[in-house]
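1. Quick check, what structure comes out for this input:
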Amino acid sequence: MNTITSNVRTMRPKQFPLQSLYKFISSSFQYAINSISTTSSSSSSQTPQTQTSYINHQLSKDLYYKETIQMLCQQRCLKEAIQILEQKVQHPSVSIYSTLLLQCIKERALEDGNKVLKHLKALKFKPGVYISNKIIEFYCKCGSVDDARDVFDEMGERDLCSWNTLISGYCQMGRVEEARKVFDEMPERDNFSWTAMISGYVRRDLPMEALELYRVMQMNGALLINQFTVSSVLSAASSIKSLRWGKEIHGRLLRTGLVSDAVLWSALSDMYGKCGSIYEARVIFDQTMQKDVVSWTAMIDRYFEDARWNDGFLLFSDLMMSGIKPNEFTFAGILNACTQQTSEELGKQVHGYMTRVGFNPFSFAASALVHMYSKCGSMDYAYNVFRGLPKPDLVSWTSLINGYAQNGQYSKALEFFESLLKSGTRPDHVTFVGVLSACTHAGLVEEGLEYFYSIKEKHGLSQTADHYACVVDLLSRSGRFREAEDIISKMPMKPDKFLWSSLLGGCRIHGNMELAVKATQALFEIEPENASTYVTLANIYANAGKWNEVAEVRKTMDNKGILKEPGKSWITVQREVHVFLAGGESHPKSKEIYEYLREISKRMKEEGYVPDTDYVLHDVEEEQKEHNLSFHSEKLAVAFGMISTPPLTPIKVFKNLRICVDCHTAMKLISKISERRIIIRDSSRFHHFEGGSCSCQDYW
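-> Purely as a prediction, here's the structure:
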């Protein structure tokens, strides 16, 4: 009998498919059934010897079935194991129930576990403390904590495990008030009791309760804190950004000698980082003896969260040299940082490294690649990465659609949206922002309205404030202000700053003074310190020649101490970022830059260029206005790119503000004269200038 069981245990899956396991066991045990003497239907006619023989045979059968049930559970054949219990076992032992309950706990199999418990009750089996604790654990792990409480209440005798298991169950379900009530009623507590309750508070986002309970625990001198407890309280300190609490916990760790634990080093570093002490977080990180990829990634991300981009990039370089392989979280973090900083060259290097070491094309790191290239205006690269994904996720689709929209390739944006729908992927509200943006920048009003109303009617999504801002932008850019106002009046939510800014932008294009004043008044209430609102209003007045009103706006800004954000542009040449301010002369090559601009200005005028001074705010002479326009930051950056790179090299410049009309006109001519492709990303989109025209078709 034991030999048969042993043979079954050692068979490999290819030799013995799991689905035929139960049939094999039944047939292999047939000899044992046949070997039992036939007994009469009346037990009174049996001799004592026959009855003893029958009992011994039955016990042998139960022993065999016990081993079989254990083996089936090991093979994850839970239903077959329960079937043997129900149909074959006459005298189940405690270990059989324990084996089955343990497997039900592992598989979170509530229905199967209830069958086991039903069988247990039918035999009027009275479970002891051990089995009762397993039943409580089973119900807690399966989310039926009320049933667990019933079992707990019915227990005649309980041990510490009974109390701890119930507390843990309540905490896992987020019912910390009930957990605390049980905790307070405990006759004794151990480290697990305190840790379960503290971590329960942390998971329920009740950090102060967790820290107060930790303080009470400290007062209990009989207990020594462990790494699990400390990890929880450090998380609580991190969530309320309490450096005082964090340092107090750190000091206690130093006194108890627990700091040698690698998990705690990571938790300490995380606490300091989230509490704003990035220096101390780095000190802890550097002192950690056994850094893993999680530790490296967390520290790199802390730098990026603190906008310390260079430090994050340098630490990533150190990781590359450490011999530890980055994971998808590391790649996603560094690529998102490249996106934030428009560091396409570094992003390409990361992409190359990912390709060399191999990365999961199904991971979100692959989506981050598509997003990075799209945000950097390299749609060919973005598409090539996207095309290589076995099954693009929604983030990848949305990044590509938004990228095409922002780069003036509207037809491709809408084409990929239709492909997304055909693929069976369900769009979300961010996807529709990209679609509506594509329609907005192309002036596709009717198509945009159709997509806007389809969000709710066709796709069953709620229209968000972002969608309303997009459709108001769409209508106001086209001068359809009455329809825009009608949509605003029917919005289910209060208009936000993005919507009013969109409306104000349309007013600027079409010179709608009355509506512009209304939009600026709303914006002044929402964000009274935002300089761009004042500047846009002043631009509208300046374009209408209302210089007194322009002066009033500037006076208001001066009185409130509101400063206009200076125009800033930057370009990367030979992996070095060069930043330019309007009219700035601090760059080492300023002399060459200004000489180039004077020369190119002459050639532009030969091509018919006339400076557009309508939006110059100062009421000064025309010649002075032209001079002010000549040295805007994007012109300086483009000029530097021209003199610093070989002929025909594309020039890519990034700008913090919206490109002005004059610079837009100038860039078209410069691209034609220099026979270069010039790409400028302003605060709202990419402009691709080539051969004297722009991808936006002069509609931006």
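2. in which helix or strand would I find the nearest residue to residue 287 once chain neighbours are set aside?
-> Nearest residue to residue 287, sequence neighbours excluded (C-beta to C-beta, 6 or more residues apart in numbering): residue 265, at 7.3 Å. To be clear about C-beta, it is placed using only N, CA and C from the backbone, and glycine gets the same treatment. Take DSSP states H and E as the rule and residue 265 turns out to sit in helix 262-274.
3. What is that helix packed up against?
-> helix 227-239, helix 243-256, helix 278-287, helix 293-305 (3 or more C-beta pairs under 8 Å, 6 or more residues apart in numbering; DSSP states H and E).
4. in that helix, what counts as buried?
-> 264-274 (16 or more other C-beta atoms under 10 Å).
5. Could you pull up the mean pLDDT of stretch 494-514?
-> Mean pLDDT, computed over stretch 494-514, is 93.
6. Okay, buried residues for it please.
-> Of the residues in stretch 494-514, 495-508, 510, 512-513 count as buried by neighbour count, 16+ other C-beta under 10 Å.
7. With mean neighbour count, distance to residue 599 and mean pLDDT added, can I get the helices and strands packed on helix 262-274 in TSV?
-> Shown next, in TSV, are the helices and strands packed on helix 262-274 (neighbours: other C-beta atoms under 10 Å; distance: least, C-beta to C-beta, whole Å; pLDDT from 0 to 100):
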stretch	mean neighbour count	distance to residue 599	mean pLDDT
helix 227-239	23	58	86
helix 243-256	16	57	83
helix 278-287	17	47	90
helix 293-305	21	42	92
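8. Can you add distance to residue 661 and give those back as CSV?
-> Below are the helices and strands packed on helix 262-274 laid out as CSV (distance: least, C-beta to C-beta, whole Å):
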stretch, distance to residue 661
helix 227-239, 49
helix 243-256, 50
helix 278-287, 43
helix 293-305, 36
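9. what's the closest of those helices to residue 677?
-> Shortest distance between residue 677 and those, using C-beta to C-beta, is found for helix 293-305: 31.0 Å.
10. relative to helix 262-274, how tilted is that closest one?
-> Per axes from the mean of the first three to the mean of the last three C-alpha atoms, to 10 degrees, the angle that helix 293-305 makes with helix 262-274 is 0 degrees.
11. angle of helix 293-305 against helix 278-287?
-> Using the same axes, to 10 degrees, the inter-axis angle of helix 293-305 relative to helix 278-287 is 160 degrees.
12. Looking at the helix or strand containing residue 112 now, give me its mean pLDDT.
-> Secondary structure from DSSP H and E places residue 112 in helix 110-122. The average pLDDT for helix 110-122 rounds to 84.
13. what's the span of stretch 183-201, first residue to last?
-> Terminal residues of stretch 183-201 are spaced 13 Å apart (C-alpha to C-alpha, to the nearest Å).
14. Buried residues in stretch 337-350, which are they?
-> Residues 337-339, 341-344, 346-350 are the ones in stretch 337-350 that count as buried (16+ other C-beta under 10 Å).
15. which other residues reach it?
-> Stretch 337-350 is contacted from outside by 304, 309, 312-313, 331, 334-335, 368-369, 371-373, 375-376, 378, 381, 572, 575, 652, 654, 681, using C-beta atoms under 8 Å, 6 or more residues apart in numbering.
16. Now find how far off-centre it is within its chain.
-> Relative to the centre of its chain, stretch 337-350 is centred 19 Å away, using C-alpha atoms, centre = their mean, to the nearest Å.
17. again, but for stretch 557-570
-> 34 Å.
18. Also stretch 670-685?
-> Once both centres are worked out by C-alpha atoms, centre = their mean, stretch 670-685 turns out to sit 33 Å from its chain's centre.
19. Can you give me the first-to-last residue distance of that stretch?
-> Note: stretch 670-685 ends 20 Å apart using C-alpha to C-alpha.
20. before we move on, what about stretch 648-667?
-> Length of stretch 648-667, first residue to last, C-alpha to C-alpha: 15 Å.
21. list the buried ones in that stretch?
-> Buried residues in stretch 648-667 (16+ other C-beta under 10 Å): 651-655, 657-667.
22. Quick check: of these, which lies closest to residue 136?
-> Closest to residue 136 out of the buried residues of stretch 648-667 is residue 654 (60.4 Å), distances taken as C-beta to C-beta.
23. quick revisit: so which of the helices and strands packed on helix 262-274 is nearest residue 125?
-> Among those, helix 227-239 comes nearest to residue 125, with 35.3 Å by C-beta to C-beta.
24. Restrict the closest one to CA atoms and write it as PDB.
-> Taking Å, rounded to 0.1, in the frame of the first residue of the first chain, the C-alpha atoms of helix 227-239 are listed here in PDB:
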ATOM      1  CA  GLN A 227      11.600  44.800  12.000                       C
ATOM      2  CA  PHE A 228       7.900  44.200  11.000                       C
ATOM      3  CA  THR A 229       6.600  46.600  13.700                       C
ATOM      4  CA  VAL A 230       9.200  49.200  12.900                       C
ATOM      5  CA  SER A 231       8.500  49.100   9.200                       C
ATOM      6  CA  SER A 232       4.800  49.800   9.900                       C
ATOM      7  CA  VAL A 233       5.500  52.800  12.200                       C
ATOM      8  CA  LEU A 234       8.100  54.200   9.800                       C
ATOM      9  CA  SER A 235       5.400  54.000   7.100                       C
ATOM     10  CA  ALA A 236       3.000  55.900   9.400                       C
ATOM     11  CA  ALA A 237       5.700  58.600  10.100                       C
ATOM     12  CA  SER A 238       6.200  58.800   6.300                       C
ATOM     13  CA  SER A 239       2.600  59.300   5.500                       C
END
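25. chain center to it, what's the gap?
-> Offset of helix 227-239 from its chain centre (C-alpha atoms, centre = their mean): 22 Å.
26. what number of residues lie near residue 695?
-> The number of residues packed near residue 695 is 17, by other C-beta atoms under 10 Å.
27. what helix or strand is the spatially closest residue to it that is not a sequence neighbour on?
-> In this structure, residue 695 finds its nearest non-sequential neighbour in residue 408, 3.1 Å apart by C-beta to C-beta, 6+ apart. Using DSSP H and E, residue 408 is not contained in any helix or strand.
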